[in-house]
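Peer 1: Sharing a model prediction with you, sequence too.
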Amino acid sequence: MTELRALLAGWRAALAGETGSASLEFIAVGLILLVPLVYLVVTMSALQGGAFAVEGAARQAARVYVQAPTPAEAEARAERAVLVGLADYGIDAADAEVSIGCAGAPVCLSRRSVVTVTVRVQVALPFVPAVITRSRGASIPLEASATQTVSRFWHEG
């Protein structure tokens, strides 16, 4: 019992000189844990915004493509839809790759043909210098596809 009292007295004496250091330790450890957590949240929100952008752009481009009266108008409408869809999320459409594929018919705009639009972008990680981002070393590729069928009542013109 005396040994326990002596041990507790030694701890009390050692802890008596620690006044005020708990708040400093809390701030230091809090920053070490909080900064990476905040960066993770910001990065995930940027990637989620990019995913929404490519998905929405692909879906709208496929929709307007199959409703166009002519193939030339279909290309123009799809391009406009991608521009608007990506701009809504702050992504530069000049960096996007858009591909349009057709199945079920030799011509894309013919009755019951299936049109697939694929949009690809590179989403840069936040707070990464532009020198690294230009080489695409610090960017994440995102891709989305959407498929629509041309109406059986479609006619050119």
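Peer 2: Cool, got the structure.
Peer 1: Give the next helix or strand downstream of the helix or strand bottoming out on mean pLDDT in the chain.
Peer 2: Within the chain, judged by mean pLDDT, DSSP states H and E, the helix or strand with the poorest mean is helix 130-134; its value is a mean of 65. Sequence-wise, the next helix or strand beyond helix 130-134 is strand 139-149, with elements assigned using DSSP states H and E.
Peer 1: That following strand pairs with which strands?
Peer 2: Using DSSP bridges, the strands paired with strand 139-149 in its sheet are strand 114-124 (antiparallel).
Peer 1: then the partner strand to CSV, C-alphas only?
Peer 2: This file holds the C-alpha atoms of strand 114-124, laid out as CSV (Å, rounded to 0.1, in the frame of the first residue of the first chain):
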residue,chain,number,x,y,z
VAL,A,114,-28.7,3.0,-80.5
VAL,A,115,-26.5,6.0,-79.9
THR,A,116,-23.9,5.9,-77.1
VAL,A,117,-22.1,9.1,-76.0
THR,A,118,-19.0,8.8,-73.9
VAL,A,119,-17.4,11.8,-72.1
ARG,A,120,-13.9,11.7,-70.6
VAL,A,121,-12.2,14.4,-68.5
GLN,A,122,-9.2,14.7,-66.2
VAL,A,123,-10.1,16.3,-62.9
ALA,A,124,-7.1,18.0,-61.2
